[in-house]
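Trainee: Generate a structure from the sequence data that follows.
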Amino acid sequence: MAEQPADRPPLRAEVVVASNRAAAGIYDDTTGPLIVEALRADGWTVESPVVVPDGAPVGEAIRAAVDGGARAVLTTGGTGLTPTDRTPEVTRALLDAEVPGIAEAIRAQGTAKGVATAALSRGVAGVVGQALVVNLPGSRGGVKDGLAVVVPLLRHAVEQIVGSDH
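Mentor: The predicted structure is shown next:
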């Protein structure tokens, strides 16, 4: 686990789950807790995932997280091709700057492992205010592949957003 300097509080992250069925109570989401666990293991302060239907509620949850001081917001779900998958669109509308290399690396991680459908994920990543927002796929495998890309660069990325030195 990464150590925070004594004079700075731990960085805070939030996890947003985009799932119409989980938000309706049809089933329990398992991807959000996976992300929370990985972030906590890396030294982030993060509460339980926020579960919302896909579409506008995802954008509202991202905005609330950033406005509430989260320095990283990781979403899961809503990045596919179905008509209800709207997470990339609502995320992109909030971005001050896109960071396409992150989303590209997440897709590449999955396809390199032989998961051809990883190329179908439309997730985006970018800066909203002083936070980095990253869309992860909605499958457990896709989340694990995404976390392998995101966790090692997350702290450096959010420090760069506020102008920290390299």
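
Trainee: Low-confidence ranges, the chain, go.
Mentor: Flagging of the chain using pLDDT under 70 yields the residue ranges 1-9, 165-166.

Trainee: Go through the longest helix along the chain and flag the buried ones.
Mentor: Longest helix in the chain by number of residues, with DSSP state H as the criterion: helix 140-161. Buried positions in helix 140-161, judged by neighbour count with 16 or more other CB atoms under 10 Å: 142-147, 149-151, 153-155, 157-158, 161. Any C-beta I mention is one placed from the backbone N, CA and C, and that applies to glycine too.

Trainee: Could you say which helix or strand holds the residue positioned nearest the centre of the chain?
Mentor: Computing the C-alpha centroid of the chain and ranking residues by CA atoms, centre = their mean puts Leu74 first, at 1.7 Å. Per DSSP states H and E: Leu74 is located in strand 72-76.

Trainee: Same check on Arg21?
Mentor: Assessed by DSSP H and E, Arg21 sits inside helix 20-23.

Trainee: Buried residues, the helix or strand just after that helix. List them.
Mentor: Scanning forward in sequence from helix 20-23 by DSSP H and E, the next helix or strand is helix 31-41. With burial defined by 16+ other CB under 10 Å, the residues of helix 31-41 counted as buried are Thr31, Gly32, Leu34, Ile35, Val36, Ala38, Leu39.

Trainee: Could you look up the SS state of Pro16?
Mentor: Rather than Pro, residue 16 is Val. Recorded secondary structure, Val16: strand (DSSP: H, G, I helix; E, B strand; the rest coil).
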